[in-house]
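**Q** pasting the sequence and the predicted model now:
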Amino acid sequence: MNPEKIRKDFPVLEKGIIYLDSACMSLRPLPVINKIKEYYEQYPACGERSQHSLGKKVTEEVEKSRKEIAEFISAKEKEIIFTKNTTESVNLVAHSLGFRPGEEIIISGKEHNSNLLPWLKQKEERGAILQVIPFNQEFDLEEFQKKLNRKTRLVSVAHISNLDGTSIPINEVIKLAHENGSLVLLDGAQAVPHQKTDVKKIGADFLAFSGHKMLGPSSGVLYGREELLKQMKSFIVGGGTVKDSHYHFAEWDESPAKFEAGLQDYAGMMGLAEATRYLKKIGFNEIHEHEILLNKMVTERLSGKVNLVGPLAAEKREGIFSFNIKELDSHLIAGVLDKSKKIAVRSGTHCVHSWFNQHHLKGSVRASFYLYNTMEEAKIFCEEVEKIAQHF
Amino acid sequence: MVLCIVALPVFLVLSLFSVKYRRLTKEAWHCLTKTVTLRKCESGLDTRIKAEVTGSLMRWPKIAGFTYHYFTILSWLFLILLTASFILSAQGAHTYWQYGNCNGPDSTGFCVFDPLGENSKISTSQSCETVEKEPITALANTAGFTFGEPTAKLTIIEFGCYSCPYTSNAQPVIREVLERYKGRVKLEFRHFPISTHPLARESAEAAECSQDQGKFAEYHQLLFAEQGTIKSEEDFFNLAGKAGIDQSKLKECYLSKKYASLVEADFQEGLKVGVQGTPTFFINNQAIVGPKPFKTFKRVIEEELKKTE
């Protein structure tokens, strides 16, 4: 993989910015931008409805996109639901599964608000019980086993934490959950963009991920096993979700149509499919190897100078380097890095307030690497962090 | 808190020019109201300002570190300087409004509201050597035409040139002065024809000729009013018609050079008392150079009237 060559596809990098915030939002390459432009310039019409040539073209492109995205995670087309983002995907599952009082949901202790709040809502509104498994350096598998019981309806966990890049042992978690008769929802927002994800191999019942973290436009996807989606009720309803409707009843459409209410973000769907093509072309092995290489170098150079959040071994944190410097405010560090060398990092609690509150921490600075980052950029980042650590 | 106090006026001024600072002004205001009521300011504005400032200094990490560590002290210093500068600016603006100069009645120092110092050129015969060579009392008493009531106690002596645009520009203010101080102030006009101005000396002589027919005041006003149209001596005679002056008599007087020596005498007297340009006004022993607003004249006149009345 040649990052220098790849960078030419990302026009925003010409501004001289060192972009280390891909865990929040990745940059978009020209093929994706052009695909979106193509929709707006060539066939900006309604899909799956209109019978004119533009409408037909949109329908054809959307079907093609759904097929490509399904293939990308080894799923069937019918199992792919387009959403706004991972958050909406999780909310869809939370709402559509229909929890009953006393049913239990297990999450990890390091979940993004998107995979915590929908369950807190189920707890508040439907009387579901929320179980949280401690997750610091490692996911507490033993505790997980203890918490699993016949009331456990769903296990909803992030494959890779957006806070520090740590992973949960998904194979064991899914195996144990399924043995217990529980469903598994994987939050793949940080995993799908960085490693090959095969839902059939993993065996997850649901997988939620976002397009904007994997070179695509702002968009989301929910994968759900076909038979589960068939049983689930709609979340948001409206145009496109019914076969027919009358004043007092409606005949609901099949999945995925029944979950995709109203006119969809067609450009987003096509752009996301283009992003999957781009990633496949480069190859996940190369991308993953490159991210680990950068994270290793940064970890080696900065260990002892900063307070690392997460395990010391870079391999256990994928492309994420989360840290604090002494008692400095993380927003201040991020602001200084931005002002001094245009280094874009994330600061604060990264929407994982619960974990920081539990650990009495105010937040951290998070640098996240992706395929377009270079070793040179990582070195500049280290230099600036060292200066702050030494002089502030 | 100190950072919010500093940020508020700075952003307030900047928000006049750019809308992006309005949000920051609002934030600084909220931050200030929260901190003075002992509540926590959660906007993070102080952190962002601190990051902006220290981040800009990262080329010199030691200075950036120093700034970070002593940020509160530096903010207080900045606040003190800002307050002092605000007070001085307000004082300067008030002084400018009152005297036409930011620095006080007798100052000729730089004033931001009057960068060229046009309103400041007022000098005393004792202090300003560049204007005064001999005391103004050295001037002959009744040499020039007098505007206003002869019994007025205070006399303004104006050295002016009919071809000079600045002298012309000063006329409306002079009329206002004579109107407002009617009966208390009069003005004596003395000729100071500037050699580089075309027909300067000639127009002065023509003006004196008009007085032979008792029409100096009318002709004087016309010479200024028509300043841009006077291109030759012939124009003096044509102008006489407009002022109700017998043109042939004026022409005869003018061609005889009857008042050449009087104009020259005025000019020499002007040089003697240090006139360097026109118009120059003398009010007792104070000089005002160039066209000035009414308030400048008022200030000096009030001072001098107090002495005489």
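**A** That came in fine, so what should we check first? What you are looking at is a predicted structure, and each value in this text was computed from that prediction instead of being measured. Numbers count the residues shown, from 1 in each chain, chains lettered A, B, ... in the order given.

**Q** CA atoms for contacts and neighbours, from now on please.
**A** Fine.

**Q** how about residue B:267, what does it touch?
**A** Applying CA atoms under 8 Å, 6 or more residues apart in numbering or on different chains, we find residue B:267 in contact with B:190-193.

**Q** mind running it again at 10 Å?
**A** B:159-160, B:190-194, B:201, B:261, B:275 (CA atoms under 10 Å, 6 or more residues apart in numbering or on different chains).

**Q** please apply the same query to residue A:274.
**A** If you count contacts by CA under 10 Å, 6+ apart, residue A:274 has them with A:29, A:31-36, A:65, A:68-69, A:215-217, A:268, A:280.

**Q** how many neighbouring residues does residue 25 have?
**A** Here I'm looking at chain A. Per other CA atoms under 10 Å in any protein chain shown, the neighbour tally for residue A:25 reads 18.

**Q** think we crossed wires, I meant chain B
**A** For residue B:25, the neighbour count with other CA under 10 Å is 21.

**Q** one more: residue A:53?
**A** 11.

**Q** my guess is it contacts residue A:45, does it?
**A** Yes. In this structure, residue A:53 is within contact of residue A:45 by CA atoms under 10 Å, at 9.4 Å.

**Q** identify the contacts common to these two.
**A** Shared contacts of residue A:53 and residue A:45 (CA under 10 Å, 6+ apart): residue A:59.

**Q** confidence score at residue B:136?
**A** On pLDDT, residue B:136 comes in at 62.

**Q** so which of the contacts of residue A:274 wins on neighbours?
**A** Among the contacts of residue A:274, residue A:216 has the most neighbours (other CA under 10 Å), with 30 neighbours.

**Q** what's the closest of the contacts of residue A:274 to residue A:308?
**A** residue A:215 (27.4 Å; CA to CA).

**Q** how about the secondary structure of the closest one?
**A** Secondary structure, DSSP: H, G, I helix; E, B strand; the rest coil: residue A:215 is coil.

**Q** not counting sequence-adjacent ones, nearest residue to it?
**A** Nearest residue to residue A:215 in three dimensions, chain neighbours excluded: residue A:28, at 4.7 Å (CA to CA, 6 or more residues apart in numbering or on different chains).

**Q** for the one you found, phi and psi?
**A** Here is the backbone geometry of residue A:28 (degrees, to the nearest 10): phi -110, psi 130.

**Q** state the distance from it to residue A:372.
**A** Applying CA to CA, to the nearest Å, the value for residue A:28 to residue A:372 is 10 Å.

**Q** what's the overlap in contacts for these two?
**A** Here residue A:28 and residue A:372 share the contacting residues A:9-10, scored by CA under 10 Å, 6+ apart.

**Q** helices of the chain, residue ranges please.
**A** Just going to use chain A. Shown for chain A, the helices assigned by DSSP state H span residues A:3-7, A:30-42, A:53-72, A:86-97, A:117-126, A:141-147, A:170-179, A:199-202, A:226-231, A:266-282, A:284-302, A:330-341, A:353-358, A:375-391.

**Q** actually chain B
**A** All helices of chain B, identified by DSSP H, fall at B:2-15, B:20-36, B:45-56, B:61-69, B:71-99, B:165-180, B:200-210, B:216-225, B:233-242, B:247-255, B:260-272, B:294-308.

**Q** which intervals of the chain have sub-threshold pLDDT?
**A** Defaulting to chain A. Within chain A, the set of residues satisfying pLDDT under 70 is empty.

**Q** right idea, wrong chain: chain B
**A** Along chain B, segments meeting pLDDT under 70 span B:1, B:98-101, B:104-109, B:116-143, B:309.

**Q** so residue A:276 sits against residue A:68, correct?
**A** Yes. With contact defined as CA under 10 Å, residue A:276 reaches residue A:68; the gap is 7.6 Å.
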